[in-house]
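[1] how would this look folded up:
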Amino acid sequence: MRRWGAVCGRGVVRRIFTCSAGALVWHSAAWAANGSNPEAAASTSAQPSFFDIWNEITDPGGQRSRLEQAGLKFTFRYYGDALGNPWGGVRQGLGYSGRFSAIVDADLEKLAGWSGATFHASMHQIHGPGLSANDVGNLMTVSSVEASSATRLFNLWIEQKLGSDANVRVGQFAASQEFAISEDANLFVNSAFGWPFLSSENLPSGGPNYPEGTTGIRLKVTPNDQLTVMAAIFDGNPAGPGVGDPVLRDPYGVAFRVNDPPLYMAEMVYAYNQGEPAPTEEGANQEDTHGQTSARPPPAASSGSGLPGTVKLGAWFHAGQFADERFNMQGYPLAVFGGVPLQHTGDFAVYGVIDQMLWRVGGDRGLSFFLRATASPSDRNLIGSYFDTGLTFGGPIASRPNDFVGLGLAFGRVSRQAAGYDLDAVAFTGTPMPIRDYEAAIELTYQVQLTKDWWLQPDLQYIIHPGGNVSNPLDPSGVSPIPNAFVAGARTYLNF
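    Alright, predicted model coming up:
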């Protein structure tokens, strides 16, 4: 077993966590000491807080505020996920996944007189040895921040309004920021609750999905308050052809590929019983996706009697070539005869998403439900079907309306053809081995808002059939699968 404390605390990670921990201790001590003493509380509140000092550092001389008034806004965000698996997985250990983001939003009408146009750019500095890759061995990474260490461009696009009901986006971005997203599922830490696990597993290079943006164009039309229709076309392979980690093929996020077979996406959204939308920070939907957002309050109560909800229906189609999971070009089992896999032209998936408030306690507090399901052809994909579902509660404690608690389940079914490959191998060799079937994740999480721009999120996960029920790489016989894993830890998120 590796030393649990040995992988955290270098460079920027050490500095951020030192400041965060110090601020947490300071706030906790202040609450404990002054909770029953109004005069002491008032005196303590008059002292500069961690974030007062931090804002002075990040906005020297008010320059950043003046630029924002002129139409140029800078935002900085940090996510840190410290997670460990005390039992199960390939081995036990501690992983840390961190991401620092620098984001620029520009109002081109203010800056250059370009009516109805906005500009957005962002970069990520990703660091830390992730738990899934090093210890658990599962497919649905336990941290949605986890990726190979890199400093890379993510977004670079311009969006233009087309009248009052439509806009078009052109440049480099990710489909996972707008398509097939459940707003309620975004509370969770496991990556599967961000963009559907089926899409990230089946598309080349993981598809247009964190940490890979890709070139594309997206049209969004909103004819009324209830209906939104989106359609997009992306380059179909963000990092380009090859094997292994796509981040290593495109380490800086500047491949800007345009010649790969395209990926087409379309989605229709119907929102009902929506009151005034909850206030959101500008640019939030451009960055805080794939399970990497603080949960947002539900819409305020509508004038009608119903509870708010959203239904999404969508699909994607990739025009490239995809290898069969079981048979070669001659139609014989690959596990027995080897050879070149049978090729299929095109791949697709269909999906549906439901976000529904079930019970409103009062104001913005309430219980919500989400369900998302998607499916793809079995012959050319590792994952044939996927669904996730769960419950989230905003404001579980009346005195803390901005906290969230959630319980979620994610389930990915290995395709029949991929499982058939394993059956063929067992029948041919006579050697027992695990047959791939599914991977599932159960997550319980609680998000605490410590201050306006700082969240702490304790998290528990149970991973069933890591890797989809594959052989444990530490078992020389190959007979035993990777054991189910229990994961515990916390996420911290700062916005400044």
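[2] List the buried residues of stretch 56-65.
    Under the neighbour-count criterion of 16 or more other Cβ atoms under 10 Å, stretch 56-65 has 59, 64 buried. All C-beta atoms are positioned from the backbone trio N, CA, C, and that covers glycine.
[3] per-residue confidence averaged over that stretch?
    Stretch 56-65 carries an average pLDDT of 80.
[4] Same check on stretch 415-427?
    The model assigns stretch 415-427 a mean pLDDT of 97.
[5] next one: that stretch to chain centre, how far?
    Put simply, stretch 415-427 sits 31 Å off its chain's centre (Cα atoms, centre = their mean, to the nearest Å).
[6] Which residues does it contact?
    Identification of contacts with stretch 415-427 by Cβ atoms under 8 Å, 6 or more residues apart in numbering yields 324-327, 333-336, 376, 378-384, 432-437.
[7] just the buried members of the residues you listed?
    Listed as buried from the contacts of stretch 415-427 are 324-327, 333-335, 376, 378-384, 433-436; burial here means 16+ other Cβ under 10 Å.
[8] Strands - which of the residues you listed land there?
    324, 325, 326, 327, 383, 384 (DSSP state E).
[9] Check the residues you listed and tell me the two furthest apart.
    Within these, 327 and 383 form the most distant pair, 18.3 Å apart (Cβ to Cβ).
[10] Residue 257 reaches residue 212, doesn't it?
    No. Shown here, residue 257 and residue 212 do not form a contact pair, counting by Cβ atoms under 8 Å, at 10.2 Å.
[11] Looking at the two, which has the bigger crowd around it?
    Between residue 257 and residue 212, counted using other Cβ atoms under 10 Å, residue 212 has the larger neighbour count: 25 against 18.
[12] hmm, back to that, out of the ones in strands among the buried ones among the contacts of stretch 415-427, the closest to residue 355 would be?
    Proximity of these to residue 355 was ranked by Cβ to Cβ; the top entry is residue 383 with 22.8 Å.
[13] Could you give the bridge partners of that closest one?
    Counting by DSSP bridges, residue 383 is bridged to residue 414.
[14] how far is stretch 395-408 from where the chain is centred?
    On Cα atoms, centre = their mean, the centre of stretch 395-408 falls 21 Å from the chain's centre.
[15] and what of stretch 351-367?
    With Cα atoms, centre = their mean, you get 20 Å for stretch 351-367.
[16] What are the buried residues along that stretch?
    So stretch 351-367, judged by 16+ other Cβ under 10 Å, has buried residues 351, 352, 353, 354, 355, 356, 357, 360, 364, 365, 366, 367.
[17] Make TSV out of those and add pLDDT and secondary structure.
    Below are those laid out as TSV (pLDDT from 0 to 100; DSSP: H, G, I helix; E, B strand; the rest coil):
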residue	pLDDT	secondary structure
351	98	strand
352	98	strand
353	98	strand
354	98	strand
355	98	strand
356	97	strand
357	96	strand
360	93	strand
364	79	coil
365	91	strand
366	95	strand
367	97	strand
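[18] Run through the residues that contact residue 337.
    Residue 337 neighbours (Cβ under 8 Å, 6+ apart): 328, 330.
[19] hmm, 10 Å instead?
    Contacts for residue 337 (Cβ atoms under 10 Å, 6 or more residues apart in numbering) come out as 327, 328, 330, 331, 424, 428.
[20] quick one: strands adjacent to the host helix or strand of residue 342?
    Element membership for residue 342, per DSSP states H and E: strand 341-362. Sheet pairing for strand 341-362, assigned by DSSP bridges, gives strand 309-328 (antiparallel), strand 365-375 (antiparallel).
[21] How far off centre is that strand?
    With Cα atoms, centre = their mean, you get 15 Å for strand 341-362.
[22] Put the alpha carbons of that strand into PDB.
    The C-alpha trace of strand 341-362 is given here as PDB (Å, rounded to 0.1, in the frame of the first residue of the first chain):
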ATOM      1  CA  PRO A 341     -11.500  -6.700 -37.200                       C
ATOM      2  CA  LEU A 342     -14.600  -6.400 -39.300                       C
ATOM      3  CA  GLN A 343     -15.200  -2.800 -40.100                       C
ATOM      4  CA  HIS A 344     -18.600  -1.000 -39.800                       C
ATOM      5  CA  THR A 345     -19.400   2.400 -41.400                       C
ATOM      6  CA  GLY A 346     -20.800   4.800 -39.000                       C
ATOM      7  CA  ASP A 347     -21.800   4.700 -35.300                       C
ATOM      8  CA  PHE A 348     -24.700   6.300 -33.400                       C
ATOM      9  CA  ALA A 349     -26.400   6.700 -30.100                       C
ATOM     10  CA  VAL A 350     -29.800   7.900 -28.900                       C
ATOM     11  CA  TYR A 351     -30.500   9.300 -25.400                       C
ATOM     12  CA  GLY A 352     -33.100  10.800 -23.200                       C
ATOM     13  CA  VAL A 353     -32.700  12.900 -20.000                       C
ATOM     14  CA  ILE A 354     -35.300  13.800 -17.300                       C
ATOM     15  CA  ASP A 355     -34.700  16.300 -14.500                       C
ATOM     16  CA  GLN A 356     -37.800  16.700 -12.300                       C
ATOM     17  CA  MET A 357     -38.400  18.400  -9.000                       C
ATOM     18  CA  LEU A 358     -40.500  16.100  -6.800                       C
ATOM     19  CA  TRP A 359     -41.000  18.200  -3.700                       C
ATOM     20  CA  ARG A 360     -40.500  21.800  -2.900                       C
ATOM     21  CA  VAL A 361     -40.000  22.600   0.800                       C
ATOM     22  CA  GLY A 362     -40.100  26.300   0.400                       C
END
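[23] what ranges do the helices span in the protein?
    Remark: helices assigned in the chain by DSSP state H are 11-34, 38-46, 50-58, 63-70, 108-112, 131, 197-202, 246-249, 284-287, 334-337, 416-429.
[24] List the residues that are in contact with both of residue 257 and residue 212.
    Both residue 257 and residue 212 are contacted by 172, 205, 237, 238, 239, 250, under the criterion Cβ under 10 Å, 6+ apart.
[25] For burial, what's the neighbour tally of the fifth one?
    So that's residue 239. 22.
[26] Surely it is in contact with residue 252?
    No. When contacts are counted by Cβ atoms under 10 Å, residue 239 is not listed as touching residue 252 (11.1 Å).
[27] do you know how far the nearest residue to residue 346 once chain neighbours are set aside is from residue 373?
    Spatially, and ignoring its direct neighbours in sequence, residue 346 is nearest to residue 319 (5.8 Å; Cβ to Cβ, 6 or more residues apart in numbering). Residue 319 sits at a distance of 24 Å from residue 373 (criterion: Cβ to Cβ, to the nearest Å).
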